[in-house]
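Participant: build me a structure from this.
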Amino acid sequence: MVLATSAFFGLKLDLRAQEKLCDDICDRLKNRPQDGCFRHQCLNAVKLPQAQKHAELYHALQNADCLSPDGMGIVWAARLIGIPVGQRVTGIDLMTALLPRFAKSGTRVFLLGAKPDVVETLWNTLPIQYLGLVIAGVHHGYEPDDDKLAAVIRQSGADALFVALPSPRKELFVDTIAPKTGCRFAMGVGGAFDVLAGEVHRAPVIWQNAGWNFCGAFCVSRA
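Facilitator: This is a model prediction of the structure:
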């Protein structure tokens, strides 16, 4: 997998467009089974200042195999300093782009995070939405013991792990715990599970492209 990165506040910002990144992730899972866990992280305008104050979070982002620009604030800031970012790559968009590919390839998926009823809903609905998708297991986000979670995920035999825990626990889990799960791909997806389960709605695309998604992306609850 060829990486195209540029230094951004000391972090290796990945410049691949979403489609190319999906291709590379799937190629790695298919053809490089011994390469360990590929850890994907996202960077947005809220997380960057948090990371500058939180050494463990900064290290987790710095240690990622791929750090994508999630949010127009990061895209604009990168472009201002001469980094040719073509598009943002959000956690939920990357996840939903990967799921049909995982369904086709037989990649086994584990969902970690959110409320018990949310992950239960996704366990039942995602294999219908993405025909053939194998959900190896799910676990809600209220278990504080990371080693226990790692054991549950490892026992499931999952290949890919989507983590919907709060920050910075999400990033730290992907960085240090995911390699213990036996999964060969792991990424944080923020509030994606709630959106996919219909609990909340994303901001309109025009808001997202204008950089206003933090004002309305996850604040509209299901009626």
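
Participant: what's across from the residue nearest to residue 62 when sequence neighbours are not counted in the sheet?
Facilitator: Leaving aside its sequence neighbours, residue 62 sits nearest to residue 11 (Cβ to Cβ, 6 or more residues apart in numbering; 5.7 Å). The C-beta positions use only the backbone N, C-alpha and C, and glycine is treated the same way. On the basis of DSSP bridges, residue 11 is bridged to residue 8.

Participant: ok, now how distant is residue 11 from residue 187?
Facilitator: 16 Å (Cβ to Cβ, to the nearest Å).

Participant: more neighbours, those two?
Facilitator: residue 187 (26 against 19; other Cβ atoms under 10 Å).

Participant: that's a strand at the more buried one, yeah?
Facilitator: Yes. Per DSSP: H, G, I helix; E, B strand; the rest coil, residue 187 lies within a strand segment.

Participant: so how many other residues sit close to residue 115?
Facilitator: 16.

Participant: ok, it to residue 140 distance?
Facilitator: Applying Cβ to Cβ to residue 115 and residue 140 gives a distance of 6 Å.

Participant: go on, residue 154?
Facilitator: Taken as Cβ to Cβ, the span from residue 154 to residue 140 is 18 Å.

Participant: those two: which is more packed in?
Facilitator: residue 140 (17 against 14).

Participant: residues in contact with that one?
Facilitator: Contact analysis of residue 140 by Cβ atoms under 8 Å, 6 or more residues apart in numbering lists 113, 114, 115, 116, 118, 119.

Participant: same check, this time on residue 14
Facilitator: Here residue 14 is in contact with 3, 4, 5, 21, 66, 67, 68, 69, 89 (Cβ under 8 Å, 6+ apart).

Participant: and with 6 Å instead?
Facilitator: 5, 66, 67, 68 (Cβ atoms under 6 Å, 6 or more residues apart in numbering).

Participant: just the residues you listed: which are in strands?
Facilitator: 5, 66, 67, 68 (DSSP state E).

Participant: does the last one touch residue 41 like I think?
Facilitator: No. Look at residue 68 against residue 41 with Cβ atoms under 6 Å: they stay out of range, at 7.5 Å.

Participant: need the residues that contact stretch 176-195.
Facilitator: 29, 37-40, 91-92, 95, 113-114, 118, 146, 150, 153-154, 158-164, 170-171, 174, 200, 202, 218.
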